[in-house]
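Engineer: One predicted model, sequence on top.
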Amino acid sequence: MLSSLEIGKRALLAQRIGLDVTSNNIANVNTPGYSRREAIMSETDPLFRNGGFYGTGAVVEKLRTYREEFFDREIRDTGSRKAGYEADERLLQRIESILAEPSNHSLSNVIDDFFSSFNELATTPEDVSLRDYLLSRAATLVDRFHTTAEQLSTVREETLNNIDADIKIANGIIQEIAHLNKQIANGNARGNADAQSLIDRRETKLEELAEMVNVNVTNGKAGSINLFINGINVVTDGDAANLKIQETVNSNTGERTIILLKTDSNDNPLATITAASGRIAKNIKHYNTTLDDKDSSGGFSMGNSLNNLANAFVQKVNEITTQGYGLDDTGNTTPGRNFFEPSVGNATAFTIEISEDVLDNPRDIPLSAAAGEPGDNTIARSISNLANDSSFLDGKTPSKYFTDFIGTIANMGNEAANGNSTSTLVAEQLNSQRESVIGVSLDEEGVNLIKYQKAFEASSRIINMSNDLLSIIINLGT
Amino acid sequence: MRVTQNSIIPKYQRTLEETQYRRFLEQSRLSTGKDIITISEKPKEIVMVKHFNTLVNQNEKYLDNLELTLSELQNVSDQTTIISDKFRDIRDHSINAAREGASSSLYTIGVQIRDLMIDIINLANMEFNGHYVFSGTKTTAESIDMDNTYQTDLPFELIEGESSLENFSGFDVVFKGNLKDRIINKSNNSTEKVNITADDLFGSEGEEAFKSIINLYNTITFNSDGSKRDLTDALTVDDVGKLDTFQKEIAQFYEKINRTNGELGIRINRLEAIRQQTEEENVRLKEFRSIHEDTNVADAAIKLSKEENLLQYTLQVGGRLIRQSLLDFLA
């Protein structure tokens, strides 16, 4: 009789654990990274009595968890790519707003207007008011170059700040992963079943880190992991390294570039990390190439392209205007006036200016190829013809060059948006598949709730019944 | 496959966001009239739009130039016609003078010829849009070379110098401009001469015709000894011979001016045709640009309506998806 009571007690305990596990699952239904648990029950060892084996009840043998390493790894990789594309998309959207395309106020329109002004002046080169108008168009062109270059420079600084902020967060996560490693190893050593919560948390942290930089994971001791960023080990069991960015300045060109370093706890560099994907990797690439106006890598640099365009304007227009004469020039020697500055060395989108030679006196703008012939428009037409000069820059006309520049940015933005969209779908698919294994289904938990509740009720009845029977037996002698 | 709460909700959220974004795009297309909201959305289209934009801008500038040039040439043509008429009048006067032989009107005819020459000089000094039109590339007063004998900074000037055996009146017409062509771009690859040079109208150095007129004037107005012809002084045989020569010269210049004016008319017609062609090309270019750039309103309106319906359904379904589970039915 007492064995029934014992069986009932064990059953109560087991069902209660089942209810606890179910409750915990329901409670964590929205917890990111949480993997559902399942109470696995097993029959206790039977007793041999009266020539047969009699059952002794049930216990919760273990809590089953449903982590899937394959999905975890794929989700980390996809998350890394997705975050990279998101960084690209965000940056390119910012640049699109700077370029103000398509609109009537974009740099390309200002370029068209600049050449049109020369064309217009070619009909009446002696018209001083039109010369004034040309100067105002040129000032707008110069201003647009300056503004665009300054805004790109601001975006570059913002990118650096974002990288800095991400590095700080990444270092925090790396430390936390090392700490969780220690806790998991200790928990495993003590047979602590709650290590799964720590493993879930670690996986969440790994996924957060993967958004910043691509990571690889190998198994370490006693449930801990070793973490690598592109082959460079940053976490080994409970030990963590730090990440740091270091800026170098090229003494010849003044080009500023950054690299990602692994450092020890004293900030000493241990290795250079070349991250392949993730937010930090993409932002470093943009900082070092896309937004670098002195880029020497040969990749697509917006700053460089803009500088080249500004320089071509200065060189090509000056080359022509130095051959020309203003309205009041006399003699056979050209005054050699520049239209743009700097006249020496390479100009950039930052440094391009209207030359002092013409700035204050529109009459001095050299539009004529002969002194004392204000009606001669040879120089004005030559400059106007630059608009269709296919050797203006890189074998293209100015507008073709700028259109290609816009097209490249548009394509990059499009690729980033498509990449983001595709990786979002892949991540969603993977998450969905992983969720189908590790996620909590409220329907399922509802069924479990009923199952354990009913079993608990039945177990209680066993105890009640045993109690009744015992009472009868105890009262037999009275 | 197990379906859990978190396999439904993220997908639903994404679908909701995408639907809302698509609706936003269609709303933007309708409100701005532009099909391209961001350049990354349609990279190929933006390249086409920029290409057509540049062509349209250039064409519009060429159209402005052509209109201004046509206006100038029309004006020049009108003035040239008047100059031509003046030459005709001079020729007619010279014929009259030869016919009269000895007449009291010879001096008057001479005065009329002189006045007609002054009229021609004034017409030749014509300005259009702030520049001299028959002065080559020396189009402004500042660019006219001055010396002590010149009284004005106009391209053509009548100088009243000392009387000499060769030139009893001492008149001389000097041209202070040059004979260079003024050229404009009428398209990306072609140019057009927009002026008539002084030699086109008045012969060598832009002065030859005036020399003929002055010779004519001198012959009619002065006797062979240089005295002014009075009422009874008749033309000598030598005078008549000279008159005939100068008359022929004037007639040749009259023809030359008419020929030049005719050529100008042809040029005006050609430029007008180019202007119309450029205008039509611009209309086509704008249409092409519009195809790539502007919203197809009907299409966008239908898409917007579709997206709005989809959004409503998504929101309705979402409410059910999120709310209902077995727990909702447990007592």
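Structural biologist: Arrived safely, thanks for sending.
Engineer: CA only for contacts and neighbour counts going forward, please
Structural biologist: Fine.
Engineer: So for residue 176, what's the pLDDT?
Structural biologist: Defaulting to chain A. With respect to pLDDT, residue A:176 scores 96.
Engineer: Hmm, no, I was thinking of chain B.
Structural biologist: 92.
Engineer: List the contacts of it.
Structural biologist: Residue B:176 makes contact with B:135, B:144, B:145, B:154, B:155, B:156 under the criterion CA atoms under 8 Å, 6 or more residues apart in numbering or on different chains.
Engineer: What's opposite the last one in the beta bridge?
Structural biologist: This means residue B:156. residue B:175 (DSSP bridges).
Engineer: how about the strands of chain A, start to end?
Structural biologist: Applying DSSP state E to chain A gives strands spanning A:37-43, A:47-49, A:52-54, A:58-65, A:216-219, A:225-229, A:232-236, A:239-240, A:242-249, A:256-263, A:269-273, A:340-341, A:353-354.
Engineer: who does the last one pair up with?
Structural biologist: If you go by DSSP bridges, strand A:353-354 pairs up with strand A:340-341 (antiparallel).
Engineer: what's around the closest residue to chain A within the stretch 201-331 of chain B, how many residues?
Structural biologist: In the stretch 201-331 of chain B, the residue that lies nearest chain A is residue B:326 (4.8 Å; CA to the nearest CA). For residue B:326, the count of nearby residues is 13 (other CA atoms under 10 Å in any protein chain shown).
Engineer: isn't it right up against residue A:449?
Structural biologist: No - at 10.5 Å, residue B:326 does not count as touching residue A:449 under the criterion of CA atoms under 8 Å.
Engineer: re the thing from before, can you tell me which of the strands of chain A is packed in deepest?
Structural biologist: Mean neighbour count, computed with mean count of other CA atoms under 10 Å in any protein chain shown, is highest for strand A:340-341 among these, reaching a mean of 24.
Engineer: quick one: it to chain centroid distance?
Structural biologist: Relative to its chain's centre, strand A:340-341 lies at 39 Å (CA atoms, centre = their mean, to the nearest Å).
Engineer: Give me the pLDDT for residue 273.
Structural biologist: I went with chain A, as the question did not name one. For residue A:273, the predicted pLDDT is 94.
Engineer: I was after chain B.
Structural biologist: Reported pLDDT for residue B:273: 93.
Engineer: Could you check which helix or strand contains it?
Structural biologist: Take DSSP states H and E as the rule and residue B:273 turns out to sit in helix B:237-293.
Engineer: show me what contacts the residue nearest to residue A:235 when sequence neighbours are not counted?
Structural biologist: Once flanking residues are discounted, residue A:235 sits nearest to residue A:227: 4.8 Å by CA to CA, 6 or more residues apart in numbering or on different chains. Residue A:227 is in contact with A:215, A:216, A:217, A:218, A:233, A:234, A:235, A:236, counting by CA under 8 Å, 6+ apart.
Engineer: Now do residue A:227 against residue A:234, distance only.
Structural biologist: 6 Å (CA to CA, to the nearest Å).
Engineer: do the same with residue A:258
Structural biologist: 19 Å.
Engineer: Find the residue closest to the residue nearest the centre of chain B in space, skipping its chain neighbours.
Structural biologist: The centroid of chain B falls nearest to residue B:69 when counting by CA atoms, centre = their mean (1.8 Å). Sequence neighbours aside, residue B:194 is the residue nearest to residue B:69 in space, at 6.6 Å (criterion: CA to CA, 6+ apart).
Engineer: try residue B:327
Structural biologist: By the measure of CA to CA, 6+ apart, the closest residue to residue B:327 outside its immediate chain neighbours is residue A:446, 5.8 Å from it.
Engineer: hang on, that neighbour packs against residue A:453?
Structural biologist: No - counting by CA under 8 Å, residue A:446 sits too far from residue A:453 to count as a contact (10.4 Å).
Engineer: the more surrounded of the two?
Structural biologist: Ranked by neighbour count (other CA under 10 Å), residue A:446 and residue A:453 place residue A:446 first, with 20 against 17.
Engineer: Would you map out the domains in chain A?
Structural biologist: Split into domains by automatic domain parsing, chain A comes to A:2-66+A:441-477, A:72-108+A:162-299+A:406-429.
Engineer: from those, which stretch is densest packed?
Structural biologist: Comparing the domains of chain A by mean count of other CA under 10 Å gives domain A:72-108+A:162-299+A:406-429 as most buried, with a mean of 19.
Engineer: Helix, strand, or coil at the residue of the stretch 51-200 of chain B found nearest chain A?
Structural biologist: Using CA to the nearest CA, the closest approach of the stretch 51-200 of chain B to chain A is made by residue B:137 at 4.0 Å. Classification of residue B:137 using DSSP: H, G, I helix; E, B strand; the rest coil returns coil.
Engineer: tally of neighbours for it?
Structural biologist: Residue B:137 has 29 nearby residues by other CA under 10 Å.
Engineer: what sits against residue A:90?
Structural biologist: Counting by CA under 8 Å, 6+ apart, residue A:90 has no contacts.
Engineer: can you list the weak-confidence ranges in the stretch 201-350 of chain A?
Structural biologist: For the stretch 201-350 of chain A, no stretch is flagged by pLDDT under 70.
Engineer: what does it put close to chain B?
Structural biologist: Neighbours of chain B within the stretch 201-350 of chain A, by CA under 8 Å from any CA of the partner chain: A:327, A:328.
Engineer: Show me where the stretch 51-200 of chain B has its strands.
Structural biologist: Along the stretch 51-200 of chain B, the segments classed as strands by DSSP state E, counting those that start in this stretch run B:127-128, B:131-132, B:156-160, B:171-175, B:183-185, B:191-193.
Engineer: Just put those in JSON lines and tack on mean neighbour count.
Structural biologist: Shown next, in JSON lines, are the strands of the stretch 51-200 of chain B (neighbours: other CA atoms under 10 Å in any protein chain shown):
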{"stretch": "strand B:127-128", "mean neighbour count": "16"}
{"stretch": "strand B:131-132", "mean neighbour count": "22"}
{"stretch": "strand B:156-160", "mean neighbour count": "18"}
{"stretch": "strand B:171-175", "mean neighbour count": "21"}
{"stretch": "strand B:183-185", "mean neighbour count": "22"}
{"stretch": "strand B:191-193", "mean neighbour count": "14"}
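Engineer: Any chance of TSV for the ones you listed, columns distance to residue A:334?
Structural biologist: Shown next, in TSV, are the strands of the stretch 51-200 of chain B (distance: least, CA to CA, whole Å):
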stretch	distance to residue A:334
strand B:127-128	28
strand B:131-132	23
strand B:156-160	28
strand B:171-175	26
strand B:183-185	21
strand B:191-193	25
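Engineer: and residue 302, how many neighbours?
Structural biologist: Just so you know, I chose chain A. Neighbours around residue A:302, by other CA under 10 Å: 24.
Engineer: The intended chain is chain B.
Structural biologist: Residue B:302, neighbours per other CA under 10 Å, totals 12.
Engineer: wait, residue B:175 sits on residue B:204?
Structural biologist: No - with contact defined as CA under 8 Å, residue B:175 does not reach residue B:204; the gap is 10.5 Å.
Engineer: So which bits of the stretch 51-200 of chain B are right by chain A?
Structural biologist: Contacts of the stretch 51-200 of chain B with chain A, taken as CA under 8 Å from any CA, map to B:51, B:54, B:57-58, B:61-62, B:64-65, B:68-69, B:129-131, B:136-140, B:142-144, B:182-185, B:188.
Engineer: Next: the stretch 201-331 of chain B.
Structural biologist: Counting by CA under 8 Å from any CA, the stretch 201-331 of chain B sits next to chain A at B:325, B:326, B:327.
Engineer: try 10 Å this time
Structural biologist: Proximity of the stretch 201-331 of chain B to chain A (CA under 10 Å from any CA of the partner chain) is limited to residues B:293, B:324, B:325, B:326, B:327, B:328, B:329, B:330.
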